[in-house]
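Asks: Sequence and predicted structure, then a few things I'm wondering about:
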Amino acid sequence: MIIDVHGHYTTAPAALGQWRDLQMAGLRDPRKAPAATDLRISDDEIRETIENNQLRLMRERGLDLTVFSPRASFMAHHIGDFDTSSAWAEVCNELCFRVSELFPEHFVPAAMLPQSPGVDPRSCITELVRCVEHYGNVAINLNPDPSGGHWTAPPLSDRFWYPIYEKMVEYDIPAMVHVSTSCNACFHTTGAHYLNADTTAFVQCLNSALFQDFPTLRFVIPHGGGAVPYHWGRFRGLAQALNTPPLETHLLNNLFFDTCVYHQAGIDLLTRVIPTKNILFASEMVGAVRGMDPLTGHHFDDTKRYIEATPYLSEEDRRQVYEGNARRVFPRLDAVLRNQGR
């Protein structure tokens, strides 16, 4: 199988965005605030958006299954308060669950959390439990910066986050560390903020004893790990200067990197530097980079082509990147597939 661990419902029906606009208007005038029941999206509308977009591309590119979560840039945890985020997370997570129900062989849901700046992460537990126990979610997205580019939250190693980690360990689910929209003009959302956050999350873990407290906690760092593979020597040297164990034992039992890197040289670097056991196939389609690469004649986000072409993976390595590592890092996904006879 070829499992894409990084997909978002970026093509959701227009009614979802319209509901969100009403919700934001309700922050100024509570009379305009919509109820969750005001959002009406039919199964046929969901089928149309998926079949004409993600599923079409999956079939064209030979992908079997996508771990599917709400649109990352739409999480926008900086908007409103916890109640705002809670209502928004509920409707978005329900939509991804409905996708998985309509296309059970192709999509498995992962949850966004109702995070809000300065709010105790314990407030997210109810939605996390609902998504795992009622929707069968196999992972969560965890935003290390709910402020939207101003970084007001403590680092991921801080005990502030421990209530979420305790629940992750209990359910044996990983978190993809994924920020949302930047409202800081210094950081373009997808061009800078995402990649900054990937690198920052790695360093926060490096400069801590987090995984001593949670030996089975697992984070997926998306977008190829940001700057991490490119500066692996810097981080090895930093670990040495900080007198922490080598990266291989300090972090690589708990941190994993996806392949949302959109050129061959980048995938070659990733697969040469990072151990195969820590690499998970992903494309994030239909996502931040949707265009055609004029140098290759193929879409930038057709990452399977890069995995097939890189000289730094054997055939067995490719099997692990495509399937084996995902089953190991996402045990609940493995259970879903086994129940389906796959």
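Replies: Thanks, I have the structure now. Residues are numbered from 1 along each chain as shown.
Asks: okay, CA-based contacts and neighbour counts for the rest of this
Replies: OK.
Asks: What are the boundaries of the strands in the protein?
Replies: Taking DSSP state E, the strands of the chain run over residues 3-9, 65-70, 107-109, 111-112, 140-142, 175-177, 219-221, 255-258, 279-280, 292-293, 298-299.
Asks: Residue 320 is nearest to which of these?
Replies: The closest of the strands of the chain to residue 320 is strand 279-280. By CA to CA, the value is 8.1 Å.
Asks: okay, the strands of the chain in JSON lines with distance to residue 124, mean neighbour count and mean pLDDT next?
Replies: Formatted as JSON lines, the strands of the chain follow (distance: least, CA to CA, whole Å; neighbours: other CA atoms under 10 Å; pLDDT from 0 to 100):
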{"stretch": "strand 3-9", "distance to residue 124": "20", "mean neighbour count": "25", "mean pLDDT": "97"}
{"stretch": "strand 65-70", "distance to residue 124": "16", "mean neighbour count": "26", "mean pLDDT": "98"}
{"stretch": "strand 107-109", "distance to residue 124": "17", "mean neighbour count": "28", "mean pLDDT": "98"}
{"stretch": "strand 111-112", "distance to residue 124": "10", "mean neighbour count": "30", "mean pLDDT": "98"}
{"stretch": "strand 140-142", "distance to residue 124": "10", "mean neighbour count": "22", "mean pLDDT": "98"}
{"stretch": "strand 175-177", "distance to residue 124": "13", "mean neighbour count": "24", "mean pLDDT": "98"}
{"stretch": "strand 219-221", "distance to residue 124": "17", "mean neighbour count": "26", "mean pLDDT": "98"}
{"stretch": "strand 255-258", "distance to residue 124": "22", "mean neighbour count": "26", "mean pLDDT": "98"}
{"stretch": "strand 279-280", "distance to residue 124": "26", "mean neighbour count": "28", "mean pLDDT": "98"}
{"stretch": "strand 292-293", "distance to residue 124": "38", "mean neighbour count": "14", "mean pLDDT": "93"}
{"stretch": "strand 298-299", "distance to residue 124": "36", "mean neighbour count": "14", "mean pLDDT": "94"}
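Asks: Present the ones you listed as a markdown table; the columns should include distance to residue 233.
Replies: Below are the strands of the chain laid out as a markdown table (distance: least, CA to CA, whole Å):
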| stretch | distance to residue 233 |
| --- | --- |
| strand 3-9 | 27 |
| strand 65-70 | 31 |
| strand 107-109 | 36 |
| strand 111-112 | 33 |
| strand 140-142 | 27 |
| strand 175-177 | 23 |
| strand 219-221 | 18 |
| strand 255-258 | 17 |
| strand 279-280 | 18 |
| strand 292-293 | 30 |
| strand 298-299 | 31 |
